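Visitor: the sequence and its predicted three-dimensional model are supplied below.
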Amino acid sequence: MKTAIVHEWLVTYAGSERVVEQLLALYPHADLFSLVDFLPQEGRDFIQHKPVSTSFIQTLPFARKHFRQYLPLMPLAIEQLDVSGYDLVLSSNHAVAKGVLTRADQLHISYIHTPIRYAWDLQQQYLQGASLTQGFRSALANLVLHYLRLWDLACSNRVDYFIANSQFVARRVWKTYRRKAQVIYPPVAIDRFYPKPQRDDFYFTLSRFVPYKRVELIVAAFTRMGLPLVVIGDGSNRRQIQQLAGSNVHLLGQQPDAVVEDHMQRCKAFVFAAAEDFGIAPVEAQAAGAPVIAYGKGGVTETVIPGKTGLFFPEQTVESLIEAVQQFESGQLLVDPARLREHAERFSPDRFRQELFRFIDQKWTLFQRRDGIQ
């Protein structure tokens, strides 16, 4: 079967791009489509250096750095991608990829990382973070998001089958689209990490500095406690986080993979304060033998076993996190790094490919029978 893989944008190698990488491992002859492709030449290994069919947004002014500003045009742009010559269309969706146009004799399966967060349940949080809560710009942003919700709901009916990256996202898919989604956990590169039985005396967090990640909460809590914390990451909240950090908090900024791996493998525990759809970093931490102290909501509740591989704090507050860290410091959670690693192997790329191929193969067989294709 001739296969097309559709992704929103190719600008870096992160969580959703790992799914694209594994889709291409399963279907190496597939053609690749994306709204924009700004991957550097040295960063194209994960797409096998394939050519990418892009949309008109690729050539718009300032698109290389500010393509996200063209959000109002993305529904139109994704519908202009021509996948009419393919039997199977696989979309990797966290915004608009599932809106690609397909016919009744094409099978469209969408791996959904999340419904569009900033258009649905996190709209107010995003508008506040962008200072769009009043005035003309606020009214315009709300109008655009209203239009985007209408389009997003309508185009959900273009998908034959949804795959969600967690039970948490599957519930959001049902809430948003009234569609069921099969859960297949995304691939985590656990082989990057090796658990060390002897841990150093510092806590660690790794994150983009954006509002919903709540890094400032972690920094404020550890500044108050005086316990050593190492933070790797950067982003729009950097100034606020720098102002909160005490002398016991070490902000390293962006670091290469080798530095991240070293800190994961040596830290006393990994701290995570976001309500993520899945959350790759907590799984990586467990693969490195680090227990996880996390906000007990979202995908992390499916990847961390409370009392065995980590601890949850119930509220996104400094006080709640401090209480969980004090519980950890008291020795109530005793973990074996090898057991943490064993648990993390449930999320390996090999397991992902096997489950995904089985699902697609079953749906393709069913699709052929229903259409009378021999």
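Guide: It's in.

Visitor: so which elements touch the strand or helix carrying H263?
Guide: For H263, the host element (DSSP states H and E) is helix 257-266. Counting contacts by 3 or more CB pairs under 8 Å, 6 or more residues apart in numbering; DSSP states H and E, helix 257-266 is packed against strand 203-206, strand 229-232. Yep, even glycine has a C-beta here, placed from its N, CA and C like the rest.

Visitor: put the alpha carbons of stretch 231-244 into PDB.
Guide: Provided in PDB are the C-alpha atoms of stretch 231-244 (Å, rounded to 0.1, in the frame of the first residue of the first chain):
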ATOM      1  CA  VAL A 231      17.800  22.900  36.100                       C
ATOM      2  CA  ILE A 232      18.400  22.400  32.400                       C
ATOM      3  CA  GLY A 233      16.300  24.300  29.800                       C
ATOM      4  CA  ASP A 234      15.400  27.700  28.500                       C
ATOM      5  CA  GLY A 235      12.400  29.600  27.200                       C
ATOM      6  CA  SER A 236      10.100  32.600  27.600                       C
ATOM      7  CA  ASN A 237       9.900  32.400  31.400                       C
ATOM      8  CA  ARG A 238      13.700  32.500  31.900                       C
ATOM      9  CA  ARG A 239      13.800  35.900  33.500                       C
ATOM     10  CA  GLN A 240      11.100  35.100  36.100                       C
ATOM     11  CA  ILE A 241      12.800  31.800  36.900                       C
ATOM     12  CA  GLN A 242      16.200  33.500  37.300                       C
ATOM     13  CA  GLN A 243      14.700  36.000  39.700                       C
ATOM     14  CA  LEU A 244      13.200  33.200  41.900                       C
END
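
Visitor: buried set for it?
Guide: By neighbour count on 16 or more other CB atoms under 10 Å, the buried set for stretch 231-244 is V231, I232, G233, D234, N237, I241, L244.

Visitor: from the residues you listed, which shows the smallest pLDDT?
Guide: Within those, N237 has the lowest pLDDT, namely 88.

Visitor: quick one: neighbours of L73, just the number.
Guide: When neighbours are defined as other CB atoms under 10 Å, L73 has 15 of them.

Visitor: give me every residue that touches it.
Guide: L73 makes contact with I57, L60 under the criterion CB atoms under 8 Å, 6 or more residues apart in numbering.

Visitor: where along the stretch 251-374 of the chain do the helices fall?
Guide: Per DSSP state H, counting those that start in this stretch, the stretch 251-374 of the chain carries helices over the ranges 257-266, 280-287, 300-303, 318-329, 337-344, 349-371.
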